[in-house]
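[1] Provide a 3D model corresponding to the input given below.
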Amino acid sequence: MKILVIGGTQFVGRHFAEAAIRAGHEVTLFHRGSKGTGSITGAQDVLGDRTENLDRVAKQNWDVVMDSSAYTPGVLRQSCDALADRCGRYLFVSTVSVYDTGDQGPTGEDSPLVPLGDPEAKEINAQTYGYLKVLCEREVESVFGDRSFIVRPGIVAGSFDPTNRFTYWVMRFANGGQVLVPNVLESNLQLIDARDLGEFMVSGAEQGLSGAFNAAGPLSNFGEMITTCHSLNPGVESVLTDIEVLENAGVKLWQDLPLAVPPGEDKLFSVSSDKAISKSLGYRKLLDTAQDVIQWKRGTTDEIPPRTGMSRERELEILTNLAN
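    Reported below is the predicted structural model:
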């Protein structure tokens, strides 16, 4: 297949592109060049901004267009309109955040979606992210119909992750010393390896899949994730600390201690991906993902400013105060 990836030099897009190349497909990356060119062996680069230079890729025909970098319907509408007659299938990466968790939490692809808000919202945050992705999905569906393939990942983990969520815990344990761990061990958690996500999307495109597919990780919990990370360096001491103590110390769950949510606030981590599993989605062991993260972090000189997690200095200060 001839595949156009809009973006493709970072995280999910990168892993998709690499999976597609391994499967023998011809891959072109359309991106702004912020990471340079030639970052993915075997891929061709076309430089440009998706809001201004779509003509650079809209003169060719593509079997598949993969889009993991659209967050607002207006931006997505531009690429849909430009490529409507130029591609066989449009693969849009959405999110499980499109679901309205309600009282029960999301389950399958037919679960209720979040209420819609202002489609012209300029800021993408916790209040707007989910419904803007819903509107993006509708743009794709309105233009491509049964030629649309929508994938809704949960939390994605692995190399090149800019969020630092899973990476934070992997590197904390790998680097040794005491590790501050919130006592939310029973809270639900689902993590999917970016390589598994990429391979599923390539396989789905090959199969000609249409419609929406959840692609969340296997059902697990925060404690199992911590146990996996701890196994990387068993001599490390986990300092299990109650939520109230952390709050009194000014620590914010999820932001300062990534992936940690209080019990009862974990409904977004109850997503069924059975539909995708029936169409080839598979899962690596979380330990494999952790080892991939270590290899990446210790082998890269390209430091990504972490979006989440606290500094080691702050963590040590809190640990010291807890010990006194």
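
[2] show me what contacts residue 51?
    Listed by Cβ atoms under 8 Å, 6 or more residues apart in numbering, the contact set of residue 51 reads 75, 78. (Each C-beta comes from the backbone N, C-alpha and C, glycine too.)

[3] could you measure from it over to residue 44?
    21 Å (Cβ to Cβ, to the nearest Å).

[4] what sits up against the longest helix along the chain?
    With secondary structure taken from DSSP state H, the chain has its longest helix at helix 129-144. With contact meaning Cβ under 8 Å, 6+ apart, helix 129-144 is reached by 70-73, 76-77, 80-81, 84, 89-90, 92, 94-95, 97-99, 113-117, 119, 121, 124, 148, 150, 212.

[5] same check on stretch 100-112?
    Contact with stretch 100-112 is made by 96, 99, 113-115, 152, 211-214, 267-272, 274-275, as judged by Cβ under 8 Å, 6+ apart.

[6] helices - which of the residues you listed land there?
    Of the contacts of stretch 100-112, the ones assigned to helices by DSSP H are 274, 275.

[7] mark which of the contacts of stretch 100-112 are buried, thanks.
    96, 99, 113-114, 152, 212-214, 267-271, 275 (16 or more other Cβ atoms under 10 Å).

[8] turn these into JSON lines, including pLDDT.
    Supplementary listing: those in JSON lines, determined by pLDDT from 0 to 100:
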{"residue": "96", "pLDDT": "96"}
{"residue": "99", "pLDDT": "95"}
{"residue": "113", "pLDDT": "94"}
{"residue": "114", "pLDDT": "93"}
{"residue": "152", "pLDDT": "98"}
{"residue": "212", "pLDDT": "98"}
{"residue": "213", "pLDDT": "98"}
{"residue": "214", "pLDDT": "98"}
{"residue": "267", "pLDDT": "86"}
{"residue": "268", "pLDDT": "87"}
{"residue": "269", "pLDDT": "92"}
{"residue": "270", "pLDDT": "92"}
{"residue": "271", "pLDDT": "94"}
{"residue": "275", "pLDDT": "98"}
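
[9] could those go into TSV alongside distance to residue 259?
    As requested, the buried ones among the contacts of stretch 100-112 are arranged in TSV below (distance: Cβ to Cβ, whole Å):
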residue	distance to residue 259
96	14
99	18
113	24
114	21
152	19
212	25
213	23
214	19
267	15
268	12
269	9
270	15
271	15
275	25
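
[10] out of those residues, the closest to residue 230 would be?
    Top of the list for closeness to residue 230, among those and by Cβ to Cβ, is residue 269 at 20.3 Å.

[11] the closest one and residue 190 touch, don't they?
    Yes: using Cβ atoms under 8 Å, residue 269 makes contact with residue 190 at a distance of 4.7 Å.

[12] one step back: in strands, which of the buried ones among the contacts of stretch 100-112 fall?
    Secondary structure assignment by DSSP state E places 152, 212, 213, 214 of the buried ones among the contacts of stretch 100-112 in strands.

[13] so, low pLDDT: which residues of the stretch 1-150 of the chain?
    Low-confidence segments of the stretch 1-150 of the chain, defined by pLDDT under 70, span residues 103.

[14] what segments of it are strands?
    In the stretch 1-150 of the chain, the strands defined using DSSP state E, counting those that start in this stretch lie at 2-6, 26-31, 44-47, 62-67, 87-93, 148-153.

[15] how about these in TSV, adding distance to residue 105?
    Below are the strands of the stretch 1-150 of the chain laid out as TSV (distance: least, Cβ to Cβ, whole Å):
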stretch	distance to residue 105
strand 2-6	31
strand 26-31	36
strand 44-47	41
strand 62-67	27
strand 87-93	22
strand 148-153	14
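
[16] so which of those strands is nearest residue 218?
    Of these, nearest to residue 218 by Cβ to Cβ is strand 148-153, at 13.3 Å.

[17] what's whichever helix or strand comes after that closest one packed up against?
    Sequence-wise, the next helix or strand beyond strand 148-153 is strand 155-157, with elements assigned using DSSP states H and E. With contacts defined as 3 or more Cβ pairs under 8 Å, 6 or more residues apart in numbering; DSSP states H and E, strand 155-157 has these neighbours: helix 165-174, strand 191-193, helix 194-207, helix 286-299.

[18] closest to residue 250 out of these?
    helix 165-174 (17.7 Å).

[19] that'll do, ta.
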